[in-house]
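S.K.: Structure here, sequence nowhere to be found:
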């Protein structure tokens, strides 16, 4: 789970889930959604309330920051079909 500075509170998942359930199903059906990106796309631009450590903006977990890091891990954590594109 890494450093607590990179955590977000579980509230971000709850809030994204509520918005997804309220959304038109044809807009989200079959899509892989990332909570913070989805919330941002729906107008939530201030994600500070979701920080575990209020003083630190967590790093994005996906996509990998560096393709070489993903490759060096043998694709650990990379969905099937994506590694071949790195």
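M.R.: Sure thing, it's come through. Model, not experiment: these values are computed from the prediction. Numbering: from 1, shown residues only.
S.K.: Pretty sure residue 4 sits against residue 53.
M.R.: Yes - between residue 4 and residue 53 there is a contact under Cβ atoms under 8 Å: 6.1 Å. Quick note: C-beta positions are derived from backbone N, CA and C, even for glycine.
S.K.: gap between the nearest residue to residue 62 once chain neighbours are set aside and residue 40?
M.R.: The spatial neighbour of residue 62 that comes closest, neighbours along the chain excluded (Cβ to Cβ, 6 or more residues apart in numbering), is residue 34 at 6.2 Å. Here residue 34 is placed at a distance of 9 Å from residue 40 (Cβ to Cβ, to the nearest Å).
S.K.: pLDDT value on the residue nearest to residue 62, please?
M.R.: Listed pLDDT for residue 34 reads 89.
S.K.: again with the one 5 residues further on
M.R.: Residue 39 is assigned 93 on the pLDDT scale.
S.K.: which residues touch it?
M.R.: Neighbouring residues of residue 39 by Cβ atoms under 8 Å, 6 or more residues apart in numbering: 12, 15, 16, 19, 47.
S.K.: Please determine how far it is located from residue 3.
M.R.: The value you get for residue 39 to residue 3, if Cβ to Cβ is used, is 22 Å.
S.K.: For the contacts of residue 39, give me CSV that also has pLDDT and secondary structure.
M.R.: Formatted as CSV, these follow (pLDDT from 0 to 100; DSSP: H, G, I helix; E, B strand; the rest coil):
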residue, pLDDT, secondary structure
12, 95, helix
15, 96, helix
16, 95, helix
19, 94, helix
47, 92, coil
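S.K.: of all these, which comes closest to residue 61?
M.R.: Nearest to residue 61 among the contacts of residue 39 is residue 12, at 12.0 Å by Cβ to Cβ.
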